[in-house]
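# predicted model, plus sequence, below.
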There are 2 protein chains.
Amino acid sequence: MNSFEKISALVNSAIQQTKWQKEPGGLYDPIAYTMGQGGKRIRPALTLMACNLFSENIELALKPAIGIEVFHNFTLLHDDIMDKATIRRGKPTVHVKWDENTAILSGDVMQIIAYEQLLETPSQHLKKVLDLFTKTAAEICEGQQYDMEFEQRDDVLPEEYLEMIRLKTAVLLGCSLKTGAIIGGASEEDAQHLYDFGINIGLAFQLKDDLLDVYGNTEIFGKQVGGDILCNKKTYLLIHAQKAAQEDIKTKLHYWLNEPTPDPGKKIREVTGIYNRLGVRKICEDAMSSYYEKAIAFLEKVSVPTNKKQELRKLAEKLMFRND
Amino acid sequence: MNSFEKISALVNSAIQQTKWQKEPGGLYDPIAYTMGQGGKRIRPALTLMACNLFSENIELALKPAIGIEVFHNFTLLHDDIMDKATIRRGKPTVHVKWDENTAILSGDVMQIIAYEQLLETPSQHLKKVLDLFTKTAAEICEGQQYDMEFEQRDDVLPEEYLEMIRLKTAVLLGCSLKTGAIIGGASEEDAQHLYDFGINIGLAFQLKDDLLDVYGNTEIFGKQVGGDILCNKKTYLLIHAQKAAQEDIKTKLHYWLNEPTPDPGKKIREVTGIYNRLGVRKICEDAMSSYYEKAIAFLEKVSVPTNKKQELRKLAEKLMFRND
C-alpha cells in the first residue's frame, strides 16, 4: 500500500507533466495557471488510494484521477466568477488576472479536458466510470445553485444545508473513491462502501471548514478567521444560530447581519459571542464527529485487510484534525 | 431513406419528451427554456441522416444526436454572455431573462447533460464517439476564443478567419455526421468522408451567413441586414476589404469602423458600397461555392447508392441557397 505522500507525489508529477498549455494561449494559459497552483490534490489521491486497495496497478487510474482534479479546479474557477472572489490559493483568480469571458471559456474547456482524461479509463470500466462522473458533475452544479440561492434566504433549514454540501462537496469525494475502486476491480459493494465513506468524510470536512472559519488558528497564513461571518455566509453555525436565536439575541444577530458598514473585528467578536451563547459550536462539532464516525464505519466494511486501509484512515484523520 | 422533414420531426419530438425541468428550478428552468426554443435542429438531423445511410435503426443514434444539440445550445448560451447578446431566436437571452451567474451555471450543466445523452451511444461505439465529441468540443471553444481575439485585431488574415470558422462552426457539423455514421456502422473511410462533407458545408454555410448579413433579403423577419457592419464584426467580407483597401477607400473604411456614433443606415450603405467597389462579395461567393463543391465531392465518395444520399444533398442545397 502506497502512502498518501507517495501517491500525492505521483499525482503532482503527472499534473506537471501534462501539457496544459496549447494554442490559443488566451484559452489555455489560464488552465495552466490554475492547474499549476497546487492545492492538496485530495481527490486524485483518493482515487489512487481506493484503486490501490484492490490493485497494485494504480497507473490505470492516474488519468481518470487527474480528470477529476481538473473538474474540481473548473468548479472553483467558475464559482469564483459567480462569487466575485478575487483571491484563490493566495493568487488572483482567473477572472481578475484575465477577465470574465476568459474565465468562462477556459472553465468550459476544462470541463472538456476532464472528460478527455476520464476517457483514458480502461475500456471495461469506461461506461460505469463516466456514468458516475457525469451524475456527480451535475450534482455539483446543483449544489452550487442551492448555495447561491441560500445566500438570498433567511430560513434555510439545517437539513437543507447538509443536502447542499453533500451535493457541492461530498459527492465528488465519493466519486473519486468509487472511480478508483471500480478501476481497481472492487466488487459493487466495496465500491459503494468507499463512496459512502467519501460522502460522510465530505460532510464532516465541510463542517470542519465552517468551524475553522470561526474557531481556527489565526496564525495560519492565508486564512482569515471570521471571513464567513463578515460576508454573512450561510454556514452550519449561522443556520443553527438563526434557528435558535430568540428575543434580544435574535435582534442582535439581525443587526449584525444587516449592518451595512460594520467594524469587521467587532462584528466577528459579536457574532462569535452569539454562537457561543447559543451553543452552536457544539452542535456543529457533534454533527461533524457523527459523520466522521459513519465514514470510518463504511471504510471498515470494505472487504480488504485492515492494514491496507490504514492510509485512507490516516488521511481521513488528517482532514478532520487539521487546523487550517 | 427518411426525409429531412421526417427526421426533424423525430428529433423535435424526442427533445419535447426529454425531461429538462428538474430541481433546483433555478438551474434547470433556463435549460428547458433554451431547449424549447426550437432552432433548425440541423446537427441532430445530420447525425440521424448519416446513420440512416448505413442503417435503418436510426433510434440508436437519437440520444447522441440530442447530446450534440444540447452542446450546441450550451455554446450559444455561453457565447451570448461573452458577446453581451440580448436576443436569441427572438427571445431574451438567458443572462438577460435570469442573470449572468444563472447563465454560467446552467450552461455548465448543459455540457454535462450533453455527455449524459452521448453516453447512451451503443457500447461498441462509445469510446470512438466520445473521443470525437470531446475533441470537437474543445475545438469549438478554441474557435470562440479566436473569434473574440479577432474582434480586437485589425490584421486578421482570410486564412486565419477560415480556420476560426472551421473550429467554431464547421467541426460540429462534421462531428454530427461522423457520429451518425459510426453508430450506423459505416467504414472508417465513409465516416471520414461524411466528416469532410460536414466541414466544407460548415465553411460554406458561415460564408453564406456573412453574405446574407449584407446582401440578404430585408423582408425576412428577425434578421436585420447590416448588423455585422454596424458592430464592425470581422466577417470574411470585412477582412478582405481591410486587406484590399488602398488610399481613399482605406481612409473611408477606417473612418466608418472608428466613428463612435454613426448614422446606422448611412454606415451600412457606405460600407456596403466599399465592399462592392473592392469586389469582396465575389471573393466571398467564390470561396463559398468552392467549399460547397468540395462538400458535394466528399458526399459523392461515400460508398452508398446515390439515391440514399439525395436527402443529405437536398439539405446541403437548402442551407446554401437559403435567404435568411
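It's in.

# from chain B, how far off is the residue nearest to A:N2 when sequence neighbours are not counted?
Closest residue in space to A:N2, ignoring its immediate chain neighbours: A:N52 at 5.7 Å, by CB to CB, 6 or more residues apart in numbering or on different chains. All C-beta spots, glycine's among them, are computed from the backbone N, C-alpha and C. As defined by CB to the nearest CB, to the nearest Å, A:N52 lies at a distance of 25 Å from chain B.

# now swap in A:I239 and tell me
18 Å.

# following the helix or strand containing that residue in sequence, what is the next regular element?
Using DSSP states H and E, the element containing A:I239 is helix A:236-244. As assigned by DSSP H and E, the chain's next helix or strand after helix A:236-244 is helix A:247-258.

# who touches that next one?
Under the criterion CB atoms under 8 Å, 6 or more residues apart in numbering or on different chains, residues A:232, A:241-242, A:245, A:262, A:267, A:270-271, A:274, A:277-278 lie in contact with helix A:247-258.

# with stretch A:15-32 instead?
For stretch A:15-32, the external contacting residues (CB under 8 Å, 6+ apart) are A:35-36, A:41, A:66, A:69, A:77, A:94, A:97-98, A:102-103, A:105-106, A:109-110, A:113, B:141-142, B:145-146, B:148-149.

# and the helix or strand encompassing A:L126, does that touch chain B?
Assigned by DSSP H and E, A:L126 belongs to helix A:123-151. Yes - using CB under 8 Å from any CB of the partner chain, helix A:123-151 comes into contact with chain B via A:123, A:126-127, A:130-131, A:134, A:137-138, A:141-142, A:144-146, A:148-149.

# just the closest of the residues you listed to B:F205, please.
B:F205 lies nearest to A:T134 out of the residues of helix A:123-151 next to chain B, by CB to CB, at 30.8 Å.

# just checking, the closest one touches B:A114?
No - judged on CB atoms under 8 Å, A:T134 makes no contact with B:A114 at a distance of 9.7 Å.

# the more surrounded of these two?
Shown here are A:T134 and B:A114; by other CB atoms under 10 Å in any protein chain shown, B:A114 has more neighbours (24 against 21).

# and that one, helix, strand or coil?
Per DSSP: H, G, I helix; E, B strand; the rest coil, the local secondary structure of B:A114 is helix.

# can you pull the contacts of it?
Contacts of B:A114 by CB under 8 Å, 6+ apart are B:67-68, B:70-71, B:74, B:133.

# separation between the nearest residue to A:L299 once chain neighbours are set aside and chain B?
With CB to CB, 6+ apart as the criterion, A:L299 has its nearest non-adjacent residue at 4.7 Å, and that residue is A:F197. Using CB to the nearest CB, we find A:F197 at a distance of 24 Å from chain B.

# how about the helix or strand containing A:F197: buried residues?
With elements taken from DSSP H and E, the one containing A:F197 is helix A:188-215. By neighbour count on 16 or more other CB atoms under 10 Å in any protein chain shown, the buried set for helix A:188-215 is A:190-215.

# just stretch A:257-270 next, same as before
A:257, A:262, A:267-268, A:270.

# stretch A:239-258 now?
Buried positions in stretch A:239-258, judged by neighbour count with 16+ other CB under 10 Å: A:239-242, A:244-245, A:252-253, A:256-257.

# what's the closest of the residues you listed to B:L10?
A:I239 (48.3 Å).

# for that closest one, give me its contacts.
A:156-158, A:161.

# what about the helices in the stretch 1-150 of chain A?
Along the stretch 1-150 of chain A, counting by DSSP state H, counting those that start in this stretch, helices occupy A:4-17, A:25-35, A:42-54, A:62-82, A:94-97, A:100-118, A:123-151.

# and among those, the most buried is which?
Ranked by mean neighbour count, the helices of the stretch 1-150 of chain A are led by helix A:42-54 with a mean of 27 (mean count of other CB atoms under 10 Å in any protein chain shown).

# picking that back up, biggest separation within the buried residues of stretch A:257-270, which pair?
Farthest pair in the buried residues of stretch A:257-270 (CB to CB) is A:L257 and A:I268. Separation: 12.9 Å.

# what does chain A put close to chain B?
Within chain A, the positions near chain B by CB under 8 Å from any CB are A:23-24, A:26-27, A:78, A:81-82, A:101, A:104-105, A:107-109, A:111-113, A:115-116, A:119, A:123, A:126-127, A:130-131, A:134, A:137-138, A:141-142, A:144-146, A:148-149.

# excluding chain neighbours, what is closest to the closest residue to chain B within the stretch 201-324 of chain A?
Going by CB to the nearest CB, chain B is nearest to A:K234 of the stretch 201-324 of chain A, at 15.3 Å. Once flanking residues are discounted, A:K234 sits nearest to A:F150: 4.8 Å by CB to CB, 6+ apart.

# sorry, back to before: how about a markdown table for the contacts of B:A114, with distance to B:D228 and pLDDT added?
Converted to a markdown table, those look like this (distance: CB to CB, whole Å; pLDDT from 0 to 100):
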| residue | distance to B:D228 | pLDDT |
| --- | --- | --- |
| B:G67 | 31 | 98 |
| B:I68 | 27 | 98 |
| B:V70 | 27 | 98 |
| B:F71 | 25 | 98 |
| B:F74 | 24 | 98 |
| B:F133 | 30 | 98 |
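
# hang on, the earlier thing: got the angle for the helix holding A:L126 vs helix A:62-82?
On the basis of axes from the mean of the first three to the mean of the last three CA atoms, to 10 degrees, helix A:123-151 is oriented at 20 degrees to helix A:62-82.

# give me the helices and strands touching the host helix or strand of A:E159, please.
With elements taken from DSSP H and E, the one containing A:E159 is helix A:158-165. Applying 3 or more CB pairs under 8 Å, 6 or more residues apart in numbering or on different chains; DSSP states H and E, one finds that helix A:158-165 contacts helix A:123-151, helix A:188-215, helix A:236-244.

# what's the offset of the longest one from the middle of its chain?
For helix A:123-151, the distance between its averaged C-alpha position and the chain's averaged C-alpha position is 13 Å (CA atoms, centre = their mean, to the nearest Å).

# swap in the second one?
On the basis of CA atoms, centre = their mean, helix A:188-215 is displaced by 9 Å from the centre of the chain it belongs to.

# give the rounded mean pLDDT of the helix or strand following it.
Sequence order places helix A:227-230 as the next helix or strand after helix A:188-215, per DSSP H and E. Helix A:227-230 comes out with an average pLDDT of 92.
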